[in-house]
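S.K.: Predicted model and sequence below, questions to follow.
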Amino acid sequence: MSFQPNAFDPSSQPVQGHAQPQVQSPGWAAQVLNGYKIYGSEDSEVRALNGVTVGFESARFTAIMGPSGSGKSTLMQCAAGLDKLTSGDAIIGDVNISRLNEKALTLLRRERVGFIFQQFNLLPVLSAEENILFPLTLAGREPDKAWMDHVIDTVGLRDRLSHKPSELSGGQQQRVAVARALVERPQIIFADEPTGNLDSHSSAEILAFMRNAVIEFGQTVVMVTHDPVAASHASRVLFLSDGLIVDELLEPTRDSILDKMRNLGG
Amino acid sequence: MFSYSLKSLRANLTRFVATSLAIILGIGFLAAGLMLTDAVRVGLTGNVEQRYEHVDLAVVSSDMTVDISQLQGIPAAYVKKVRSHDGVAAAAGEMSAVVRVLKSDGTVGNLRTMGRNWIDDDKLNPLELTKGRAPKSDNEVVLSVDAAKSAEADVGDQVDLETPIGPRTAKVVGISHFGSADALDDGGTVSFAESTATEVLNAGTSTVDDIILRASGDVDSLKQSLQKSLPTNVKVQTRAQLIQDVTKSSLAFIRFLRPVLQGFAYLAMFVSGFVIFNTFSVVVTQRYRELALIRAIGGTPKQVRRSLITEGLGIGVGSSAIGIVLGAALGKSLQLILGKFDLSLPGNGVKITLGTVILSMIVGTVVTLLSVIVPAFRAGRTKPVEAMRQSAVDTSGTSKARAYIGGAFLVVALGLLAVNKLTKPHWFFLGPGALLLFVGLFIAGPLLARLIGKLIRPVLSLTGLTGRIAADNVVRNPKRTATTANALVIGLFLVTLVTVSGEALKTATVDQLNKLSSSDFIVASESAIAPTLVDKIDKVKGVTATAPVKSIPITSESGQVLYISGADFEKLRDTTGIKITEGSLEEVTNGDGMASADYSALGGSGGSSSQFSRIGESQTFTTFDGKSITLTISAMFEAKIDSLFLGDVVSPQTFDRLAGDKPVSQIFIRVEPGKADEVGPRLDKAIRGYTSVQVVPGNFIGQTVGKVFDFLIGAVNALLAMSVIVALVGIVNTMTLSIFERRAELGLVRALGMTKGQVASMVRSEAVLMGLMGTVIGMSSGVFLSWILVSSIPEVEIGLSFNWARVGLIFVVGLLVGVLASILPARRATKLDMLDAIRSE
């Protein structure tokens, strides 16, 4: 077994100590430092995250993999500010979100974080275009017209803009969700099993869009998945087990991922 | 399956609490009405039974058609006659009038204290002495326990009284009680010696209300022989008949109250039905996958159906039981509240009978079951395969058939009402038209909901995206929205109808009445106005003319009871302005001529107060004392409001000859022009201390009728508020459940950066919008129907006089219902766990 118990030496952490709310970290779009997430009380406590420290580099497509119950969704939710760590720090850009109140956190999510979920991704009463613009509308910001056109053409939704989600296929709906995440140019996009409900053709399309966004626009994307094929689109794969990062793989292929998984499983 | 029903009931307890609340409120109201009226009935009848426990026979006035038998009474001379009759062991006349006992600080203890004559026969007297002795001389009284307590007086003390003949001081010689109760009368009893009672209670008139007696031998033969020996203007009654008559007259208001209360309770139940139907429909949608799972693992449609009906049964039975308890509490507290305002109902709070319990249980359960049937059948049709699908929001739209049928109903209804409006109004068009309008509104509800939603959308869009999403959410399931709003529609429709048409009728009626009023003030008494008071009023500053009037009832040759008044017609003319329309006053003033009111001016069938048709006719009249007189009609005078209190007028001399020296019963007053506002308080001051004497303004009938209308409109609206509250529960329910359904969506918008405040405002807009829909539909149909209804009333020209303040108030109430209903769901929506909501299953 040749993996490093901790891929990130604490001494190389860009953050010195927990006392600083504002953190200078040009290279990191988001980080979790010494993060614990504990459910239940003493007797029956479950440590979904067990002191994990991880950083997601800017302009990179990172995938998080791990078996069921390894804490990968919890890690994503805590890193994205959807959930709060029991202890430790979660940092988006230069803001330590563990110290933010509910309202500030919501506004920060609105400004800096994009989401793509497996399901319930769109609001049924809004058209595709309105769904794409939804976060901007909430923030009361005008969309950058040129950028928006570019995004829409990239995902190929030009002729579907006035349709309601119920009039779109699953793949088209997910493309709307990707466009929505891209259009606000967030610091980081979190995607939770974005291809979980899609056929292989649509999956490939969506993954290609995300990958292109990283390469062409310098977008940061973090994706949670259990599908090795999906993960192989990323440039870096983190493996999670029992609430800790146990391994990582750079520029992975489907086969190298499968090998690692076999090793971890064994 | 039964245990499944039980478990799902328990698991979804909070959800069903809201459903139950609708039934609990409705049944509570129904039960409270029944229990209260039962208690009042038992209170009254029990009282009467006890009061006449030892009475064998009673002599009462034969004329029971006029419900003023107390006013006319029976000549006191009859008491002696009855007492000396063979076979009568004891007899006593009963007298009563309002008397007030003043507390030591000079304020009135209780407004409903009655003065009575002390009956010397221990058995006939319903009262017993607990202390002291019976009153014997002029200034002695016996107080009931409660009256003594309120006046802080004991045997030997002096008390100040207000009586029909003015203030008076008396010495307390005894304390009385009535059976197990403190007093015979709600407000306590003051008993006087018989001679004093005649002077104080009847202002010197020698009449009694009735005569009660005990027989020494056979009751039946005594009844016959007594009837033979007495004139026909009185009749002899058995104890049973007496109790029946007295009970009937005291129960009159309950006989009216009970069906009215019940009517509103059933209306509340009807509205509850909508709420229950709605809740169950949503519950079924929500549990779609669960039900499908049951189907997939082998549950038959029948079992699924039965499990839901069992749940409904459980809720129906449980809520009805709670409703009955609530009803008892409601009745009791209502009694207490009324008591605080000196309006205590007779009886002891509430009376719970088996009948009430059974009826309430049945009504509550049946309404619940009926409301559950449709959702249960829909649940039975769940396909097993649904278990494998993602749960989705119920967005069943409106069916075309429903829209067409509802539309057709509305068109026919409008047609009928238009025919009614344009041609001669007829109930044939109005009745079915109104009914179809209502049914049509219900059927076309979803269509209207969508329409209003569409209309309001641009307005709400102005408030931003959240407003627009709210508008879209409301019309996502127009059927559910319509059912929710319909509960409010019923209530507000009726409130508007009652208020708008009631106001219109009131204005028209009061205007008519005010045209007929004439004198500035009337001082009137139930029994008598003491001569000292007559003089006092004459001297009040600002009074320019007074016309004292004495009245008695007399019987015409055909047996009809009329009122005849003795008054100086010159004075009447000075005070009331009533003019002679036909004939001359010569005979009236100087002889046995009579003047009658000419009703022909009022329209209708015409005629006069005396039933004479021509001047110069004469007829013989008989008084209740048995005296008779022949009078000739020699003049007709205008029919105005004051005329109604006069009946037929003769000169004071003629009256005295006929009736003896009767006290004055009313005084018409004319004051200096424009000084009415100053003189009114002076008159009030003058009569202070005289119970049963009132000063009323000349246009008091108009005022009273206006007040009665106001009271009725207010009371009916207060009762209708019940259904509005139930509708509020319905909106809360629908919103809560729809939030539960949409929790994934709400989670998403939270994740994407919608603040809690924005989520809450979105949910609030939805609830307010539903309230608005119910309000708009209910109010507009109410106003429309009022317009048709009011213009359909013939003879009187009534305009639809809007009381905009009230209409505005109803609108605000409707919106407020929406706002109130949104508080809970909005809070719940913001408390949703965002992660739960978006977690993939």
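M.R.: Looks like it arrived, so ask away.
S.K.: which residues does residue 57 contact?
M.R.: I'll assume chain A. Counting by CB atoms under 8 Å, 6 or more residues apart in numbering or on different chains, A:Glu57 touches A:27-29, A:220, A:236. Every residue, glycine included, has its C-beta placed from N, CA and C.
S.K.: Let me rephrase: I mean chain B.
M.R.: B:212-213, B:215, B:219, B:222-223, B:226, B:236-239.
S.K.: go again using 6 Å as the cut-off
M.R.: Going by CB atoms under 6 Å, 6 or more residues apart in numbering or on different chains, B:Leu57 touches B:213, B:223, B:236.
S.K.: ok so, going back, pLDDT-wise, what's the bottom of the contacts of A:Glu57?
M.R.: For the contacts of A:Glu57, the weakest pLDDT value sits at A:Gly27, with 83.
S.K.: Report the beta-bridge partner residues of the residue nearest to that residue when sequence neighbours are not counted.
M.R.: Nearest in space to A:Gly27, with sequence neighbours left out and distances taken as CB to CB, 6 or more residues apart in numbering or on different chains, is A:Glu57 at 5.8 Å. Beta bridges link A:Glu57 to A:Trp28, judged by DSSP bridges.
S.K.: Model confidence for the residue in the stretch 501-650 of chain B that chain A sits nearest to, exactly?
M.R.: Checking the stretch 501-650 of chain B residue by residue against chain A with CB to the nearest CB singles out B:Ser501 as nearest, at 40.6 Å. Predicted confidence (pLDDT) for B:Ser501: 80.
S.K.: Neighbours of it, how many?
M.R.: 22 (other CB atoms under 10 Å in any protein chain shown).
S.K.: Now do the contacts for the nearest residue to it once chain neighbours are set aside.
M.R.: Ranked by CB to CB, 6+ apart and with sequence neighbours excluded, the top spatial neighbour of B:Ser501 is B:Ser786, at 4.1 Å. By CB under 6 Å, 6+ apart, the contact set of B:Ser786 is B:497, B:500-501.
S.K.: Any figure for the gap between B:Ser786 and A:Pro165?
M.R.: 46 Å (CB to CB, to the nearest Å).
S.K.: again, but for B:Leu683
M.R.: 79 Å.
S.K.: Could you check which of these two has the larger neighbour count?
M.R.: B:Leu683 (22 against 18).
S.K.: Would you list the phi and psi of B:Pro75?
M.R.: phi -50, psi 130 (degrees, to the nearest 10).
S.K.: Tell me how many other residues crowd the nearest residue to it once chain neighbours are set aside.
M.R.: The shortest distance from B:Pro75 to any non-neighbouring residue, by CB to CB, 6+ apart, is to B:Asp625 (5.2 Å). Applying other CB under 10 Å, we find 18 residues neighbouring B:Asp625.
S.K.: before we move on, what about the one 10 residues further on?
M.R.: By other CB under 10 Å, the residues close to B:Ala635 number 22.
S.K.: Which strands or helices does the helix or strand containing it pack on?
M.R.: Taking DSSP states H and E as the criterion, B:Ala635 maps to strand B:628-638. In terms of contacts (3 or more CB pairs under 6 Å, 6 or more residues apart in numbering or on different chains; DSSP states H and E), strand B:628-638 is packed against strand B:580-583, helix B:586-590, strand B:593-598, strand B:618-623.
S.K.: Make CSV out of those and add mean neighbour count and mean pLDDT.
M.R.: Shown next, in CSV, are those (neighbours: other CB atoms under 10 Å in any protein chain shown; pLDDT from 0 to 100):
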stretch, mean neighbour count, mean pLDDT
strand B:580-583, 17, 80
helix B:586-590, 18, 79
strand B:593-598, 26, 80
strand B:618-623, 16, 82
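S.K.: I'd like the ones you listed laid out as TSV, including distance to chain A.
M.R.: Shown next, in TSV, are those (distance: least, CB to the nearest CB, whole Å):
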stretch	distance to chain A
strand B:580-583	76
helix B:586-590	85
strand B:593-598	72
strand B:618-623	83
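S.K.: Tabulate those in CSV, adding columns for distance to B:Ile777.
M.R.: Formatted as CSV, the helices and strands packed on strand B:628-638 follow (distance: least, CB to CB, whole Å):
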stretch, distance to B:Ile777
strand B:580-583, 53
helix B:586-590, 62
strand B:593-598, 50
strand B:618-623, 61
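S.K.: now the contacts of B:Leu57 in CSV, with pLDDT?
M.R.: Listed next are those as CSV, based on pLDDT from 0 to 100:
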residue, pLDDT
B:Leu213, 91
B:Lys223, 88
B:Val236, 88
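S.K.: from the residues you listed, which ones fall inside strands?
M.R.: B:213, B:236 (DSSP state E).
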